[in-house]
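A.B. asks: sequence unknown, structure follows:
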């Protein structure tokens, strides 16, 4: 049976110890297997305290990084790049402390930053990204954590929008320690065939986030979920499918994610209904002996 998770952004931002102690027991009671923890700023929540809480509830953790204003690995100055690398290393440390095998997110440029690039300029940016990510990946590998880089839609970045771009950009980094995080929301915008994009990402697929095409509950949409999950099975993906959505009640996160209206009757309903739908999908095929 697939492991299913939910991101705390469904309810709150930034995450704190107090908020996690309120949210995690409900997530476990509803039947989720995992909970996803954003690190908006290092120190917002205590990894050891969180691990003790989640262990007691039978939940595993995944960790997401946050590329807010001023966090840049490409097309920026050396000081900004160094500060961003330091932030990403601290996210790795938080992941290791809470027991997450991965940090996921757009680890290249701040969300919302876009600029036009020629083919040669794009190649230069990708080479710059390789150089900037390499020490972070080394730090993660030493900690037993993988870096999963997430392509975003064209309105949120101009660096990595598609699986093919991400595979090209990461080609010179070790696939075992650095790969892709796929978010169905972005795939639905940028990929002509979501399942085929998952197939192409298979050699580097480290994390998956899910939601409806409008950021609501999975299943309340037009997406081909059987096709998507079949592609994930073909890819051999064994990590969680994590519902990522956002609350419109927090002004800063609503603006960043362009959430201008409620996406479900309640935020709890978004999580619970999404979980029920994902549980209704066929389990991964189990190979049988001939």
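C.D. replies: Happy to help now that I have it. Keep in mind it's a predicted model, so treat the numbers as computed, not measured. Numbers count the residues shown, from 1 in each chain.
A.B. asks: residues of stretch 37-51 that come out buried?
C.D. replies: 37-40, 44-47, 50 (16 or more other C-beta atoms under 10 Å). For glycine as for every other residue, the C-beta is placed from the backbone atoms N, C-alpha and C.
A.B. asks: buried sites along the helix or strand harbouring residue 166?
C.D. replies: Secondary structure assigned from DSSP states H and E places residue 166 in helix 163-169. Judged by neighbour count (16+ other C-beta under 10 Å), helix 163-169 contains these buried residues: 163, 166-167, 169.
A.B. asks: which secondary structure elements does it contact?
C.D. replies: Applying 3 or more C-beta pairs under 8 Å, 6 or more residues apart in numbering; DSSP states H and E, one finds that helix 163-169 contacts helix 119-143, strand 178-183, helix 194-201.
A.B. asks: residues contacting that helix, please?
C.D. replies: 108, 126, 129-130, 149, 151, 159-160, 180, 182, 187, 191, 197-198, 200-201, 204 (C-beta atoms under 8 Å, 6 or more residues apart in numbering).
A.B. asks: what about stretch 107-123, how long is it end to end?
C.D. replies: Start and end residues of stretch 107-123 are separated by 17 Å (C-alpha to C-alpha, to the nearest Å).
A.B. asks: just to revisit the earlier point, out of the buried residues of stretch 37-51, name the ones that lie in strands.
C.D. replies: 37-39 (DSSP state E).
A.B. asks: any chance of those in TSV, plus distance to residue 10?
C.D. replies: Listed next are those as TSV, based on distance: C-beta to C-beta, whole Å:
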residue	distance to residue 10
37	12
38	11
39	17
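A.B. asks: out of the residues you listed, flag the one nearest to residue 103.
C.D. replies: residue 39 (8.0 Å; C-beta to C-beta).
A.B. asks: give me the pLDDT value at that closest one.
C.D. replies: pLDDT for residue 39: 98.
A.B. asks: any idea what residue 205 is bridged to?
C.D. replies: Under DSSP bridges, the beta-bridge partners of residue 205 are residue 180.
A.B. asks: neighbours of the nearest residue to residue 13 once chain neighbours are set aside, just the number please.
C.D. replies: Residue nearest to residue 13 in three dimensions, not counting chain neighbours: residue 253, with 4.1 Å by C-beta to C-beta, 6 or more residues apart in numbering. Close neighbours of residue 253, defined as other C-beta atoms under 10 Å, add up to 19.
A.B. asks: now do the helix or strand residue 253 falls within: distance to the chain's middle.
C.D. replies: Element membership for residue 253 (DSSP H and E) is helix 251-256. How far helix 251-256 lies from its chain's middle: 18 Å, per C-alpha atoms, centre = their mean, to the nearest Å.
A.B. asks: can you count the residues close to residue 77?
C.D. replies: The tally of other residues near residue 77 (other C-beta under 10 Å) stands at 9.
A.B. asks: wait, residue 230 sits on residue 195?
C.D. replies: Yes: counting by C-beta atoms under 8 Å, residue 195 is a contact partner of residue 230 at 6.8 Å.
A.B. asks: could you tell me whether residue 62 really is in a strand?
C.D. replies: Yes: assessed with DSSP: H, G, I helix; E, B strand; the rest coil, residue 62 lies in a strand.
A.B. asks: returning to what we had before: what is the mean pLDDT for the helix holding residue 253?
C.D. replies: Rounded mean pLDDT across helix 251-256 is 76.
A.B. asks: so which bits of the helix or strand encompassing residue 18 are buried?
C.D. replies: Element membership of residue 18, judged by DSSP H and E, is helix 17-30. Residues of helix 17-30 classed as buried: 19-20, 23-24, 27-28 (neighbour count, 16+ other C-beta under 10 Å).
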